[in-house]
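Asker: Show me how the following folds:
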Amino acid sequence: MRIALVMPKSERVPILRTEYSPPLGLMSIGAMLRQRGQCNPVELINGEFMDEDQVVDQVRQGGFDIVGISTNVGNYRSALAVAKRVKSECRGLLAGC
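Answerer: Below you'll find the predicted structure:
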């Protein structure tokens, strides 16, 4: 089973942003899935430095069975937009914090 874990671009005001922090939650989920042998591969798609089209293209090209999208207050709109565009590309779509 092929799984993609997606962190969409944050909509925070760039001038207020002083540091970048990697998506540790998604990385932890991916590591746990790999260790338990639930899937191979697990791909992390970090959309923080991509636009929406690039994220969607990576999901489409990957042929993933399941796509998990991390969402929060800062990226809600972009997460929803990505989810709408990729939901027909996979068997399962999960979103959450």
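Asker: C-alpha only now, for contacts and for neighbours.
Answerer: Fine.
Asker: which non-adjacent residue is nearest residue 58?
Answerer: residue 45 (7.7 Å; Cα to Cα, 6 or more residues apart in numbering).
Asker: Show residues contacting the helix-or-strand element of the chain with minimal mean pLDDT.
Answerer: Least confident helix or strand of the chain, by mean pLDDT, DSSP states H and E, is strand 92-96 with a mean of 83. Identification of contacts with strand 92-96 by Cα atoms under 8 Å, 6 or more residues apart in numbering yields 65-72, 83, 87.
Asker: Among these, which one sits closest to residue 53?
Answerer: residue 83 (11.9 Å; Cα to Cα).
Asker: And that closest one, its phi and psi?
Answerer: With angles defined as degrees, to the nearest 10, residue 83 sits at phi -60, psi -40.
Asker: Next one, pLDDT for it please.
Answerer: Residue 83 carries a pLDDT score of 93 in this model.
Asker: tally of neighbours for it?
Answerer: Neighbour count for residue 83, taken as other Cα atoms under 10 Å: 21.
Asker: how close does it get to residue 36?
Answerer: 26 Å (Cα to Cα, to the nearest Å).
Asker: and what of residue 85?
Answerer: Residue 85 sits 30 Å away from residue 36, going by Cα to Cα.
Asker: Where does residue 44 sit: helix, strand or coil?
Answerer: Classification of residue 44 using DSSP: H, G, I helix; E, B strand; the rest coil returns strand.
Asker: tell me which residues form a beta bridge with it?
Answerer: As for beta bridges, residue 44 partners with residue 5 under DSSP bridges.
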